[in-house]
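A.B. asks: Predicted model, plus sequence, below.
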Amino acid sequence: MDRVVAARKLIGDLVKAEQIEVRRVEIAGRDLAKWIETLKRPPSGQELGEWLEEHAQVTDLSASTAALDELIDRHLADPAAVAVAARNPELERQLAETPEAVGPYQVYADWLQEHADPLGELIALGVASASGNDDDVARFDRHLKRHEAYLLGGVGSQLVSRIELRWRYGMIREIEEIGEPVAPEVWQQLLGLRVCELVESIGLRRACSAANDVAIAAAAPDSMRTLRLDGCVGTWPAALLQRPLRSLAAQSIYSFALDQHTLPPTLERLELRVPGLTSVIPLEINVRELVVHATDTTLGFLATARWPRLEQLTFDLDDRSVSRVFSLLEDLVAPALTQLVLTNSVIDHKELATLAKLVPAIRTLGLVNLGLNDETIGPIAGTRGFSLETIDVSHNELTREGLETARELAREVISTRQLRRGQTMERRVRKLAGTRLQAAEEIADPKLWRRAGIDGDLRWGRYRGDADYELFIAADLSRYGCSCPSTIQPCKHVIALALVAERTPLSPAPSNGVETRVSTRGGLADLLRASLDD
């Protein structure tokens, strides 16, 4: 379409929508076409708005930037005319060397726009949308859709509901598998795109086939240094682990085996949220950061391996693993360890005092999501034996007073977020409940209970329904039992009691041996199974 005609139509649509007052549409349209010719590209909505406000024929403009963007897409965009690839090795080298610095992207975007490459506008819009502004994000999405064939090489439709692309300044930074696996040839085509030349991380949610393993390993750019495996079936993608990775994370319900050739020697960070790890011979693993799910077999593996460069160790605990972790720390060969994080369980000041004796060299301690509150932080803050510089108490239930108390342990206190009182335990109860939660909620009313109380670490009660049952659950959810005939454990009565105990203050009262009278079920196994299902 003639550029002048298109410009007049754009202004005419503004007039019809009563978003502009203009003396002569034809003159404004002619001048707009000349300005676009000078730009050698369609303007952005913001640029068009500023130009119209300055034009002599325009007496009033009320159109939003988003509305102007849509009109530009409708009348002025011509992908076929601007889809010209331009390369600048020096500017691209600067992007690769400083991928998080915005300046090189802005310079590269200007150069590409001067050479009529749609990637330039995508990068410019990516920089603008980094702030999260809705209008800027919408402009980025529209430009990407308009030039999808050029920018995504025709694979866009094959990625819908299967692959999530995460962008940084107009280039793809992360690729995450979110649905059914795509074919090896699609991976090759995707990773061969220009917008994927700075990809840093790839996440695979399903078991990685041998064909996809080879295809991704061969096609991924040199910038890819992070691999995340979520749902693998106990086997490692051998080709991908031959790449010079710096970070590897695996999450699965299956155990994994390691040998001296499994992990790349370049690895700096290793995250293993799996039920078990095995090795035929003791290994020396040279990572600096390790995150593990603390199971018996995993901790046993850690004790047999050597960790000469390990500086930061994070334990994802369950309700019975604290003592096992302490036993491991007595034998752990990790001379460089200075940072320790415990998360997702409960801990008291006596256990922390033991920890101070085991790892006196720790300088940074994380007590994250342990349900700490202002009452429990006090005794912990009095722990002696540490020489801490930093303590992280994020995702607990501390007020400002509690955070100030934590400063008795370290000068620097990190707190990215604190929860409402009782929220931590309620989350853990809900995880333990699984599918029994709805039924438990229906009877989590104190009026339905004949009696309930607290005896040491037990919450016990007598439920009055179709029949009377007596039951108990430990404060840390590790032990529970009920006299009801249900074969599904924990039963709805146990879950309801845990909810009542968290929501309604219970009075101290002797349980009179309820734990010995009621058949005890193994709470830990169900809790661990529920956590793996999430």
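C.D. replies: Thanks, I have the structure now. Numbering: from 1, shown residues only.
A.B. asks: show me where pLDDT drops low in the stretch 351-500 of the chain?
C.D. replies: 422 (pLDDT under 70).
A.B. asks: Do a quick rundown of the strands in it.
C.D. replies: Here the stretch 351-500 of the chain has its strands, by DSSP state E, counting those that start in this stretch, at 364-368, 390-392, 412-414, 449-455, 458-464, 468-474, 479-482.
A.B. asks: any low-confidence regions in the chain?
C.D. replies: Short version for the chain, where the test is pLDDT under 70: 1, 78-84, 319-320, 422, 519-534.
A.B. asks: Kindly state the domain boundaries assigned to it.
C.D. replies: Structural domains annotated on the chain: 3-77, 434-533, as defined by automatic domain parsing.
A.B. asks: got CSV for the strands of the stretch 351-500 of the chain, with distance to residue 222 too?
C.D. replies: C-beta coordinates here come from the backbone N, C-alpha and C atoms, glycine included. Converted to CSV, the strands of the stretch 351-500 of the chain look like this (distance: least, CB to CB, whole Å):
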stretch, distance to residue 222
strand 364-368, 32
strand 390-392, 34
strand 412-414, 34
strand 449-455, 59
strand 458-464, 56
strand 468-474, 52
strand 479-482, 52
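A.B. asks: Can you check which of those gets nearest to residue 203?
C.D. replies: strand 364-368 (22.7 Å; CB to CB).
A.B. asks: Sheet-wise, list the partners of that closest one with their directions.
C.D. replies: Paired with strand 364-368 in the same sheet, following DSSP bridges, are strand 339-343 (parallel), strand 390-392 (parallel).
A.B. asks: Please save the CA atoms from the first one in CSV.
C.D. replies: These are the backbone C-alpha positions of strand 339-343, laid out as CSV (Å, rounded to 0.1, in the frame of the first residue of the first chain):
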residue,chain,number,x,y,z
GLN,A,339,28.3,-21.3,53.9
LEU,A,340,25.6,-23.6,55.2
VAL,A,341,21.8,-23.4,54.5
LEU,A,342,19.1,-25.5,56.2
THR,A,343,15.6,-25.2,54.7
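A.B. asks: can you list the residues that contact it?
C.D. replies: 311-317, 322, 325, 355, 359, 362-370, 392 (CB atoms under 8 Å, 6 or more residues apart in numbering).
A.B. asks: Out of the strands of the stretch 351-500 of the chain, flag the one nearest residue 280.
C.D. replies: strand 364-368 (32.7 Å).
A.B. asks: From residue 145, how far out is residue 162?
C.D. replies: 18 Å (CB to CB, to the nearest Å).
A.B. asks: Comparing those two, which residue is more hemmed in?
C.D. replies: Taking other CB atoms under 10 Å, residue 162 and residue 145 do not tie; residue 162 has more neighbours (15 against 12).
A.B. asks: Name the nearest residue to the more buried one, ignoring sequence neighbours.
C.D. replies: residue 179 (4.2 Å; CB to CB, 6 or more residues apart in numbering).
A.B. asks: who touches that neighbour in this structure?
C.D. replies: Applying CB under 8 Å, 6+ apart, the residues near residue 179 are 161-163, 205.
A.B. asks: Cross these against strands and list the overlap.
C.D. replies: Applying DSSP state E to the contacts of residue 179, the entries found in strands are residue 163.
A.B. asks: hmm, which of the contacts of residue 179 are the buried ones?
C.D. replies: Among the contacts of residue 179, those buried by neighbour count (16 or more other CB atoms under 10 Å) are 163, 205.
A.B. asks: of the contacts of residue 179, closest to residue 96?
C.D. replies: residue 163 (23.0 Å).
A.B. asks: With residue 118 as the reference, measure out to that closest one.
C.D. replies: Relative to residue 118, residue 163 is positioned 21 Å away (CB to CB).
A.B. asks: Repeat that for residue 73.
C.D. replies: For residue 73, the distance to residue 118 (CB to CB) stands at 13 Å.
A.B. asks: How many neighbouring residues does residue 405 have?
C.D. replies: For residue 405, the count of nearby residues is 20 (other CB under 10 Å).
A.B. asks: actually residue 253, sorry about that
C.D. replies: Neighbours of residue 253 (other CB under 10 Å): 15.
A.B. asks: Likewise for the one 10 residues further on?
C.D. replies: Using other CB under 10 Å, residue 263 has 18 neighbouring residues.
A.B. asks: In this structure it contacts residue 247, no?
C.D. replies: No. The pair residue 263 / residue 247 is not scored as a contact, 11.4 Å apart, by CB atoms under 8 Å.
A.B. asks: Quick check: neighbours shared by the two?
C.D. replies: residue 270.
A.B. asks: on that earlier part again, and which of the contacts of residue 179 is nearest to residue 93?
C.D. replies: residue 163 (27.8 Å).
A.B. asks: what's across from the closest one in the sheet?
C.D. replies: Bridge pairing for residue 163 - DSSP bridges - gives residue 177.
A.B. asks: just to revisit the earlier point, mind checking which of residue 73 and residue 118 has more residues around it?
C.D. replies: Neighbours of residue 73 and residue 118, each counted by other CB under 10 Å, are more numerous for residue 118; the result is 22 against 16.
A.B. asks: Ramachandran angles for the nearest residue to the more buried one once chain neighbours are set aside?
C.D. replies: Of all residues not flanking residue 118 in the chain, residue 147 sits nearest, at 4.3 Å (CB to CB, 6+ apart). With angles defined as degrees, to the nearest 10, residue 147 sits at phi -110, psi 30.
A.B. asks: What about residue 147, how many residues nearby?
C.D. replies: By the criterion of other CB under 10 Å, residue 147 has 19 neighbours.
A.B. asks: if I look at it, how far off is residue 216?
C.D. replies: 25 Å.
A.B. asks: Correct me if wrong: residue 242 contacts residue 263.
C.D. replies: No. In this structure, residue 242 is not within contact of residue 263 by CB under 8 Å, at 10.6 Å.
A.B. asks: before we move on, the earlier item: how close does the residue nearest to residue 162 get to residue 191?
C.D. replies: Going from residue 179 to residue 191 by CB to CB gives 18 Å.
A.B. asks: Next up, identify which helix or strand residue 228 is on.
C.D. replies: Using DSSP states H and E, residue 228 maps to strand 226-230.
A.B. asks: What about residue 169, how many residues nearby?
C.D. replies: Other residues lying near residue 169 total 25 when counted by other CB under 10 Å.
A.B. asks: what does residue 474 give?
C.D. replies: The tally of other residues near residue 474 (other CB under 10 Å) stands at 18.
A.B. asks: In contact with the nearest residue to it once chain neighbours are set aside, which residues?
C.D. replies: Leaving out its chain neighbours, the residue that sits closest to residue 474 by CB to CB, 6+ apart is residue 457, at 5.3 Å. The contact partners of residue 457, taken as CB under 8 Å, 6+ apart, are 474-476.
A.B. asks: where along the stretch 251-400 of the chain do the helices fall?
C.D. replies: 296-304, 322-331, 349-358, 374-381, 400-406 (DSSP state H, counting those that start in this stretch).
A.B. asks: In CSV: those helices, plus distance to residue 453.
C.D. replies: Listed next are the helices of the stretch 251-400 of the chain as CSV, based on distance: least, CB to CB, whole Å:
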stretch, distance to residue 453
helix 296-304, 34
helix 322-331, 26
helix 349-358, 24
helix 374-381, 20
helix 400-406, 27
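A.B. asks: which one of those lies closest to residue 485?
C.D. replies: Smallest distance to residue 485 across the helices of the stretch 251-400 of the chain (CB to CB): 31.9 Å, for helix 296-304.
A.B. asks: and the angle for that closest one with helix 322-331?
C.D. replies: 20 degrees (axes from the mean of the first three to the mean of the last three CA atoms, to 10 degrees).
A.B. asks: What is the host helix or strand of residue 189 packed up against?
C.D. replies: Following DSSP H and E, one finds residue 189 within helix 184-191. Contact partners of helix 184-191 among helices and strands, from 3 or more CB pairs under 8 Å, 6 or more residues apart in numbering; DSSP states H and E: helix 156-159, helix 210-219.
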